[in-house]
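K.L.:
Sharing a model prediction with you, sequence too.
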Protein chains: 4
Amino acid sequence: MSSSFGHHFRIHTYGESHGGGVGVIIDGCPPRIPVTAAHIQRELDRRRPGQSDLVTPRNEADTAEILSGIQDGLTLGTPISILVRNTDQRPGSYDEMAVKYRPSHADYTYDAKYGIRALSGGGRASARETIGRVAAAAVARQVLDTLHPGIRVLAWVKSIQELTAEVDPLKVMPETIESNAVRTGDPSMIAVMTERIKSVRSEGNSVGGVVECVIRNCPPGLGEPVFDKLEADLAKAMLSIPATKGFEIGSGFAGTLLTGSEHNDPFRMIDGRVRTTSNRSGGVQGGISNGEPILFRVAFKPTATIMTPQETVTAEGENTELAGKGRHDACVLPRAVPIVEAMATLVLTDHLLRQRANVR
Amino acid sequence: MSSSFGHHFRIHTYGESHGGGVGVIIDGCPPRIPVTAAHIQRELDRRRPGQSDLVTPRNEADTAEILSGIQDGLTLGTPISILVRNTDQRPGSYDEMAVKYRPSHADYTYDAKYGIRALSGGGRASARETIGRVAAAAVARQVLDTLHPGIRVLAWVKSIQELTAEVDPLKVMPETIESNAVRTGDPSMIAVMTERIKSVRSEGNSVGGVVECVIRNCPPGLGEPVFDKLEADLAKAMLSIPATKGFEIGSGFAGTLLTGSEHNDPFRMIDGRVRTTSNRSGGVQGGISNGEPILFRVAFKPTATIMTPQETVTAEGENTELAGKGRHDACVLPRAVPIVEAMATLVLTDHLLRQRANVR
Amino acid sequence: MSSSFGHHFRIHTYGESHGGGVGVIIDGCPPRIPVTAAHIQRELDRRRPGQSDLVTPRNEADTAEILSGIQDGLTLGTPISILVRNTDQRPGSYDEMAVKYRPSHADYTYDAKYGIRALSGGGRASARETIGRVAAAAVARQVLDTLHPGIRVLAWVKSIQELTAEVDPLKVMPETIESNAVRTGDPSMIAVMTERIKSVRSEGNSVGGVVECVIRNCPPGLGEPVFDKLEADLAKAMLSIPATKGFEIGSGFAGTLLTGSEHNDPFRMIDGRVRTTSNRSGGVQGGISNGEPILFRVAFKPTATIMTPQETVTAEGENTELAGKGRHDACVLPRAVPIVEAMATLVLTDHLLRQRANVR
Amino acid sequence: MSSSFGHHFRIHTYGESHGGGVGVIIDGCPPRIPVTAAHIQRELDRRRPGQSDLVTPRNEADTAEILSGIQDGLTLGTPISILVRNTDQRPGSYDEMAVKYRPSHADYTYDAKYGIRALSGGGRASARETIGRVAAAAVARQVLDTLHPGIRVLAWVKSIQELTAEVDPLKVMPETIESNAVRTGDPSMIAVMTERIKSVRSEGNSVGGVVECVIRNCPPGLGEPVFDKLEADLAKAMLSIPATKGFEIGSGFAGTLLTGSEHNDPFRMIDGRVRTTSNRSGGVQGGISNGEPILFRVAFKPTATIMTPQETVTAEGENTELAGKGRHDACVLPRAVPIVEAMATLVLTDHLLRQRANVR
């Protein structure tokens, strides 16, 4: 188990989907940063189930309690502990899953690794585990706003299956994304994406897609070669989110089709600053931010939980069949948007503080 | 700067492309593992320039010297230090680059971060930095062979631009890959890929592509949820390699086009073991290996160094032009193959040791 | 702030003396270790105030709640989160301390470091912070009992000022220590030590002393040279406990008076094992346990809180006087005993798991 | 094995006493710090054997080679690798020791831990291992001088057996200490200490003693509660030095004899700053520096290598006798002085950089 992330702004998460609760400790947060429960709650509300008719009907208030590290709305510089109680416990609905491994879930691998497994709700492999990340990122967001105002981390649903949104990463506004339950940045795609999700859900099936994320106004100089390159830490952050299968930055896989003369980003002096006139680098060169927008994409597989019968085996090693019966979230993409933003915010805050230690 | 990688089997690299040398310390290697200089040299020889007429003509012997941690061909359990001297120093050929930022290189970002930069050869952003990784992985390879014989890490060139090889990850043999200078696993693509690389090189241009990698016979149970998931650590490892722009595991980005019922991997008992009858998970579920082959792909952009004039700026902030004059490696893919294998081997070895600490 | 301890069995603590509560996350605990709330509560009860008429009258139940990581009395291998609520909140009694720096407390240094400070009860510098450590060590204790039964960690009050107990580290029984409120291992010293503590308390004064600790049946081979030597990690662990001023192992400072021929521990084969016939090494040689009892001592200064007027300054920089009015614990030694045991247990468990990763 | 030290200014050492060499990588050093080989060599010369007729006659030039991270006398911000070759290899003189465990050396414990051991010269347990620490501290010294000029780290021999120097930690000058081969700060004790060392050496015996160290002009605010308290990290640093058995800060063990009213350090405003009028805290309160001189002492046992016959066992488990024949350093204290300074400098530099990341 390794539930710590970050080097200087460091978080430690805990909690199964059922049990006392889930939460996070944030260690290394600078003192005197304005943080209230409301800052945290706002992000948790974006992440939680039951927000719209598109996502899982599991309905938990997910109320954050700050246990330590904040006094009168200011951080103390000491560890910040945030707890979200579990309230909607219905282990009964998972009974069959306790003995049959759900295909493409983590049931089998947890048993293989630990020889024991949380008997309901997916345990630590549940999406509920991400609550601690989102709560910590709400604090990190305040650190960025205080130490380096203007940095903006913004994600949206780029595609659902082959349905692809056209979004200008430099101009899309958060209001546009939050105004629709799909959380796409392209208003022309809302209806068709919504229809697709509802359609596959009605069939007891599921779909995946791509979340795109931009970081605007990131200062140059963040990222720590050679192993903690900014894109390397972003890649790890994203692949640690449940259901992800890929990460690409800037030109990504499509960039492999170009030649060097097509791909290179020319430098020009613009408004007295070194800029690039294209951004196939995705805002990072040699592992260090270059001041251009950081742009990356994350692939989410279709949700593993489906309602149709599937071949599987029991924990005792017998072939059998399983049909999902619990909660069914036909598409995680809308809820993944704030989680992608959270992980990017954590990476950025950590690297900002690391750079402060050494800058002259 | 962060030049450490791994939690338990931990490596620390150092060295600029010019200067005394490059190297690595390996800390946390189990004792009494058979390792000789020949094991290390074999992998360094696969990585070094000048192996064929396809890669950079820079020709350095890259001879590894073991400074500590090994006695009479066995590891002592103490830190293993390996040094490779720099010999082919021609800083003169980089003079112009010292004052003009090479487009899509790390010249500008190193200056932005550190306020100082190695004045020749790319410093720590040079491909030469990977020597320490490859040397360390040669030791890791011996750890795997001793503690868990049978694990096989194998990579090949999957594509050069749109030229795509057909390779069966379960059957391709290392001899097939090593037998051709392109290091593809598909004999039918050798000629056309070779021609492409030579063609772009003759134009002073460059190309990128995709390296694919399989880990066969990985035991189930490796990977540490939630942040050190096996795929998350692999993603970080791969994105820390120079010139990489993307990572995907199993179904990857293409998997986002499928529905859950198409994507899920059914479980079946086969030969008394839990197996999946498809492998869109890519050998990892919930961040933990499931015993199936681990399969992933890494995107490499076209080499930034090209011979045609490009717009850029000087370190003093003047617009100018730059045409590459130094060494020109039109395609890094063949040399990237052993580096991808090296990083995968390091991740796997680290996770194997971590799991040993807790297993019961 | 750095509230993490350990490399493989790793704990993260949080919590101010006033606020929602204090607690700990344990990461890296092996799965299927038997742990119940009762195991944790037993150790917390030994540490808490109000146990006897010798220690601080602050009376909190200190009830541990397990939030995650344990199911049906067995660890899951996932992070174990333990929370102890704060209940006895009387910030009023600390009003004067909020503006005047208490001499030899951490009030001034917290302000100097963070520019902000918990306004009551000492915040993170309070003895209450150690609850998370003790709770985590109760879990570690179970890990030792499961993976390596027989290891015994036992501490006692060696001295109160000049009053020094004669204790045989190889024979003293926990029942002897726990049977008296002073927690000394020498029955002949109970009365005089008790009298001393009551006497200084009646004067509004305080006293310090030395806690001695033995680890019996520690296997040889634990400790990681060169920086994570067993004695180095023990020293750090002990000096991280509030009010400690010194650490010595084996012969310690007194050993500097001997010559080498007097100090060296001869080796002899005894019962087929390599043993030493004296133990001035204190059970550790070259940073690694040698199988002999590990024996060390920790110096605790007299409690800083006293009831007599003292010179000090205000947070605004004015000279003033302060007389303690809050709770007054005239001697922390009896309560320090379980904390010393806890930190030693954490160090040992961490090193046991680290050794398992590499052993062959 | 764990050969890394520090969190932000992080060093990794390697090397056995015999083999290719010993050295260090420094990671996290700020860029543009003036460092030359001469800075490093000066400290290595203070540490090396053969400086005077008081210390071990082993005579190695110990010449430092900078392999990376420094260009034209300035740090690049990249890892600094420093190598010192082994030259004085006389494995023959250790033959008997290869089969007989030297009492109070690390021969037996290395075998117990690793099942293998460097067959000559003590391997990683040799004093030669400290070369990497001293070289790294020479770089750290330059970081302190650049970022926070005025901090002074100074150590001296406080006692040899019962012979105790009277030294004023606030006034003693480095010239006074360096001017005598004993490295004591009390001129009146030079002759008697020298005589004692020569006397025990002539008997083939050895002696230990105490090194005292002061850090002057340390700014308030350094140290990271609760586990990385400044005194905790100093304690670990000191107990990681070979042959150490104890650490105390400020009043130390003697402070346990005082009452609180005697021990507390009153605060007064002096020259507009918060000061204490006594310094029993030793410059640290609650784990954080308070701006007063940091004062601590380290106990060194008598050297284990003596020339008289001792009881021991062979690696095969036979009782036997051993009389030392190799090099004989009757007292390590004079050479320990620069090593104590080095470790204190590393701790301080690391904490200074950590504080910079969070300060506002």
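P.N.:
Structure received.
K.L.:
Identify the residue of the stretch 51-200 of chain A closest to chain B, quick one.
P.N.:
A:Ala106 (2.3 Å; CB to the nearest CB). From N, CA and C alone the C-beta is placed, and that goes for glycine too.
K.L.:
How much space separates that residue from A:Ala342?
P.N.:
21 Å (CB to CB, to the nearest Å).
K.L.:
Kindly report the same for A:Gly132.
P.N.:
10 Å.
K.L.:
same deal with A:Ile33?
P.N.:
For A:Ile33, the distance to A:Ala342 - CB to CB - is 17 Å.
K.L.:
who has more neighbours, these two?
P.N.:
Comparing A:Ile33 with A:Ala342 by other CB atoms under 10 Å in any protein chain shown, the one with more neighbours is A:Ala342, at 28 against 23.
K.L.:
Secondary structure element holding the more buried one?
P.N.:
helix A:333-358 (DSSP states H and E).
K.L.:
Remind me which helix or strand A:Thr312 belongs to.
P.N.:
strand A:310-313.
K.L.:
and what of A:Val298?
P.N.:
strand A:294-300.
K.L.:
Enumerate every residue touching the closest residue to A:Ile177 other than its chain neighbours.
P.N.:
Closest residue to A:Ile177 apart from its sequence neighbours, by CB to CB, 6 or more residues apart in numbering or on different chains: A:Trp156 at 4.7 Å. If you count contacts by CB atoms under 8 Å, 6 or more residues apart in numbering or on different chains, A:Trp156 has them with A:Ala165, A:Val167, A:Val172, A:Ile177, A:Arg183, A:Thr184, A:Gly185, A:Val211, A:Glu212, A:Cys213, A:Val337.
K.L.:
Would you point out the helix or strand in chain A whose mean pLDDT is lowest?
P.N.:
helix A:95-99 (a mean of 71; mean pLDDT, DSSP states H and E).
K.L.:
residues near the residue nearest to A:Arg46 when sequence neighbours are not counted, how many?
P.N.:
Leaving out its chain neighbours, the residue that sits closest to A:Arg46 by CB to CB, 6+ apart is A:Pro338, at 4.2 Å. Neighbourhood size, A:Pro338 [other CB under 10 Å]: 25.
K.L.:
With A:Ala38 instead?
P.N.:
Neighbours of A:Ala38 (other CB under 10 Å): 10.
K.L.:
now the angle from whichever helix or strand it is part of to helix A:333-358?
P.N.:
Per DSSP H and E, A:Ala38 falls inside helix A:37-47. Per axes from the mean of the first three to the mean of the last three CA atoms, to 10 degrees, the angle that helix A:37-47 makes with helix A:333-358 is 140 degrees.
K.L.:
by contact count, what packs against the helix holding A:Ala342?
P.N.:
Counting by 3 or more CB pairs under 8 Å, 6 or more residues apart in numbering or on different chains; DSSP states H and E, the packing neighbours recorded for helix A:333-358 are helix A:37-47, helix A:131-147, strand A:152-160, strand A:209-216, helix A:230-239, strand A:294-300, helix D:333-358.
K.L.:
what does the stretch 101-250 of chain A put close to chain C?
P.N.:
A:Lys113, A:Tyr114, A:Gly115, A:Ile116, A:Arg117, A:Ala118, A:Leu119, A:Gly123, A:Arg124 (CB under 8 Å from any CB of the partner chain).
K.L.:
what two of those have the greatest distance between them?
P.N.:
Spatial extent of these (CB to CB) is set by the pair A:Lys113 and A:Leu119 at 15.8 Å.
K.L.:
what about the two, which has more around it?
P.N.:
Between A:Lys113 and A:Leu119, counting by other CB under 10 Å, A:Lys113 is the more crowded of the two (27 against 17).
K.L.:
pLDDT averaged over the next helix or strand after the least confident helix or strand of chain A - what is it?
P.N.:
The element immediately downstream of helix A:95-99 (helix or strand, assigned by DSSP H and E) is helix A:107-114. Averaged across helix A:107-114, pLDDT comes to 96.
K.L.:
swap in stretch A:192-211?
P.N.:
Mean pLDDT, computed over stretch A:192-211, is 97.
K.L.:
Give me the buried positions along that stretch.
P.N.:
A:193-194, A:196-197, A:200-201, A:204-211 (16 or more other CB atoms under 10 Å in any protein chain shown).
K.L.:
Show me those residues that map onto helices.
P.N.:
Of the buried residues of stretch A:192-211, the ones assigned to helices by DSSP state H are A:Met193, A:Thr194, A:Arg196, A:Ile197, A:Val200, A:Arg201.
K.L.:
Please state the offset of the helix holding A:Ala38 from the chain centre?
P.N.:
14 Å (CA atoms, centre = their mean, to the nearest Å).
K.L.:
May I see the buried residues of the helix or strand that comes right after it?
P.N.:
Remark: after helix A:37-47, the chain's next helix or strand is strand A:64-68, criterion DSSP H and E. By 16+ other CB under 10 Å, the buried positions in strand A:64-68 come out as A:Ala64, A:Ile66, A:Leu67, A:Ser68.
K.L.:
ok, the residue of the stretch 51-200 of chain A closest to chain B - contacts?
P.N.:
A:Gly122, A:Ala125, B:Pro225, B:Gln285, B:Gly286, B:Gly287, B:Ile288.
K.L.:
which among the residues you listed gets closest to chain D?
P.N.:
B:Pro225 (24.5 Å).
K.L.:
For beta bridges, what are the partners of A:Thr259?
P.N.:
On the basis of DSSP bridges, A:Thr259 is bridged to B:Val207.
K.L.:
How many neighbouring residues does the closest residue to A:Gly317 other than its chain neighbours have?
P.N.:
Take A:Gly317 and drop its neighbours on the chain: the residue closest to it by CB to CB, 6+ apart is B:Met269, 5.6 Å away. Around B:Met269 sit 14 other residues, with neighbours defined as other CB under 10 Å.
K.L.:
so when I look at B:Met269, I'm seeing a strand, right?
P.N.:
Yes. Counting by DSSP: H, G, I helix; E, B strand; the rest coil, B:Met269 is part of a strand.
K.L.:
Let me see the contact set for the residue of chain A found nearest chain D.
P.N.:
Nearest residue of chain A to chain D, counting by CB to the nearest CB: A:Ala357, 3.9 Å away. Applying CB under 8 Å, 6+ apart, we find A:Ala357 in contact with A:His8, D:His8, D:Gly28, D:Pro30, D:Leu353, D:Arg354, D:Arg356, D:Ala357.
K.L.:
If you tally nearby residues, what's the number for the first one?
P.N.:
What it means is A:His8. 22.
K.L.:
about what we covered before: list only those of the contacts of A:Trp156 flagged as buried.
P.N.:
A:Ala165, A:Val167, A:Val172, A:Ile177, A:Arg183, A:Thr184, A:Gly185, A:Val211, A:Glu212, A:Cys213, A:Val337.
K.L.:
in the stretch 101-250 of chain A, which segments are predicted with low confidence?
P.N.:
A:121 (pLDDT under 70).
K.L.:
Go again with 90.
P.N.:
A:118-123, A:127 (pLDDT under 90).
K.L.:
Same check on the stretch 251-360 of chain A?
P.N.:
If you take pLDDT under 90 as the line, the stretch 251-360 of chain A has these spans: A:323-329, A:359-360.
K.L.:
now do 80
P.N.:
A:324-328 (pLDDT under 80).
K.L.:
Please work out the residue of it nearest to chain B and name it.
P.N.:
Counting by CB to the nearest CB, the stretch 251-360 of chain A gets nearest to chain B through A:Gly286 (2.3 Å).
K.L.:
Pretty sure that residue sits against B:Tyr110.
P.N.:
Yes. Taking contacts as CB atoms under 8 Å, A:Gly286 lies within contact range of B:Tyr110: 6.5 Å.
K.L.:
any idea how far the residue nearest to A:Arg46 is from B:Pro149?
P.N.:
Taking CB to CB, one finds A:Pro338 at 45 Å from B:Pro149.
K.L.:
With A:Val298 instead?
P.N.:
For A:Val298, the distance to B:Pro149 - CB to CB - is 36 Å.
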